[in-house]
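**Student:** generate coordinates for the sequence data below:
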Amino acid sequence: MKLGTSAIIGGLLFALAIFVGLFAPWLAHTDPVMGANLMNAEEPPSWIWWFGTDAQGRDIYSRVVHGARISLTVGIVSQLVNSIIGVTLGLTAGYWGGWWDDVVNGLTNLMLAIPSLIFALAIMAVLGPGLTSLLIALGLTNWSFTCRIARASTLSLKSQGYVQAARVLGYGDLRIMITQLLPNMVGPIIVIGTLGMGGAVLAEASLSFLGLGIRPPYPSWGSMLSEARDQITTAPWLSVFPGLAIFLTVLGLNLLGDGLRDVLDPQSRSRRT
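**Tutor:** A predicted model of the protein is given here:
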């Protein structure tokens, strides 16, 4: 099954964000941190200043472009950590069962009962603001959904004939999990990982908006919104362009995730129709 139109649009939006993040130094007009000039403070969008300037005279376009690096780094790395934790716990719990399954289920239910943003706020309050703290906080808060999917997939796959045949051939538990079970659950993991990246970008923006994310003056879409909140009526471009960057990136990831779900799990599409 081919990707639908919405998935292609989402993929293009995400690819555009990746391109902007990778080539930010060449796409930006000025240095996003050191390019301050009070003579150019709060200039509206124009041919010279495409997205306008902020209260320090810094080019908003350059800051939005460089902010893509931080937001995408947080989204990709934190979701990768979530996937590793969730797949490891879910795969082993579903395969071994017993007391380990009970422990993982209890821990998963506990994590699902705690709002992820509140938990991330608590971690950030302990570790302090910064990129490393942000990656740790978001990497430890959203693995429960991946864990449940991995566990459910393992429970349905471990009784299949090819798994039984691997046991007869003398495969150990670790080898069976890695070579027989894990490849057959990659599809759902990719889907939830893609959708999770959008959530991580939003979470980074929320934490940075609250002052617990990336420290100024380094550009982050969330911190840019935080700096612009008192000038939303007098200088609306300060918040419009970072907000639009967040919106388009998360929209692209959501559309791509939905499209991948239709391709990798055709039954989900038939159930919705």
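**Student:** could you pull out the helices for this structure?
**Tutor:** 5-22, 24-27, 60-96, 98-113, 116-127, 131-139, 144-157, 161-168, 173-176, 186-209, 221-228, 237-264, 266-272 (DSSP state H).
**Student:** can you tell me which of those helices comes nearest to I48?
**Tutor:** Among the helices of the chain, the nearest to I48 by CB to CB is helix 60-96 (10.4 Å). No exception for glycine: its C-beta is placed from N, CA and C like everyone else's.
**Student:** save the helices of the chain as JSON lines, and put in mean pLDDT, distance to L38 and mean neighbour count too.
**Tutor:** Formatted as JSON lines, those follow (pLDDT from 0 to 100; distance: least, CB to CB, whole Å; neighbours: other CB atoms under 10 Å):
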{"stretch": "helix 5-22", "mean pLDDT": "90", "distance to L38": "27", "mean neighbour count": "17"}
{"stretch": "helix 24-27", "mean pLDDT": "87", "distance to L38": "24", "mean neighbour count": "13"}
{"stretch": "helix 60-96", "mean pLDDT": "91", "distance to L38": "15", "mean neighbour count": "22"}
{"stretch": "helix 98-113", "mean pLDDT": "92", "distance to L38": "47", "mean neighbour count": "13"}
{"stretch": "helix 116-127", "mean pLDDT": "86", "distance to L38": "32", "mean neighbour count": "17"}
{"stretch": "helix 131-139", "mean pLDDT": "87", "distance to L38": "28", "mean neighbour count": "21"}
{"stretch": "helix 144-157", "mean pLDDT": "90", "distance to L38": "47", "mean neighbour count": "21"}
{"stretch": "helix 161-168", "mean pLDDT": "86", "distance to L38": "67", "mean neighbour count": "12"}
{"stretch": "helix 173-176", "mean pLDDT": "88", "distance to L38": "61", "mean neighbour count": "13"}
{"stretch": "helix 186-209", "mean pLDDT": "87", "distance to L38": "24", "mean neighbour count": "23"}
{"stretch": "helix 221-228", "mean pLDDT": "85", "distance to L38": "15", "mean neighbour count": "24"}
{"stretch": "helix 237-264", "mean pLDDT": "88", "distance to L38": "16", "mean neighbour count": "20"}
{"stretch": "helix 266-272", "mean pLDDT": "49", "distance to L38": "54", "mean neighbour count": "10"}
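**Student:** now render these as TSV, adding distance to D54.
**Tutor:** Shown next, in TSV, are these (distance: least, CB to CB, whole Å):
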stretch	distance to D54
helix 5-22	19
helix 24-27	17
helix 60-96	6
helix 98-113	38
helix 116-127	25
helix 131-139	21
helix 144-157	37
helix 161-168	58
helix 173-176	53
helix 186-209	15
helix 221-228	7
helix 237-264	6
helix 266-272	44
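**Student:** W50 is nearest to which of these?
**Tutor:** Comparing those against W50 with CB to CB, the closest turns out to be helix 60-96 (4.5 Å).
**Student:** between that closest one and helix 221-228, how big is the angle?
**Tutor:** 130 degrees (axes from the mean of the first three to the mean of the last three CA atoms, to 10 degrees).
**Student:** got the contact list for the closest residue to M197 other than its chain neighbours?
**Tutor:** Distances taken as CB to CB, 6 or more residues apart in numbering put G75 closest to M197, at 4.3 Å, once the chain neighbours are dropped. Residues near G75 by CB atoms under 8 Å, 6 or more residues apart in numbering: 197-198, 200-201, 204, 253.
**Student:** nearest residue to the middle of this protein?
**Tutor:** M197 (2.0 Å; CA atoms, centre = their mean).
**Student:** OK, contacts around the nearest residue to M111 once chain neighbours are set aside?
**Tutor:** In this structure, M111 finds its nearest non-sequential neighbour in S144, 4.1 Å apart by CB to CB, 6+ apart. By CB under 8 Å, 6+ apart, S144 lies in contact with 86, 108, 111-112.
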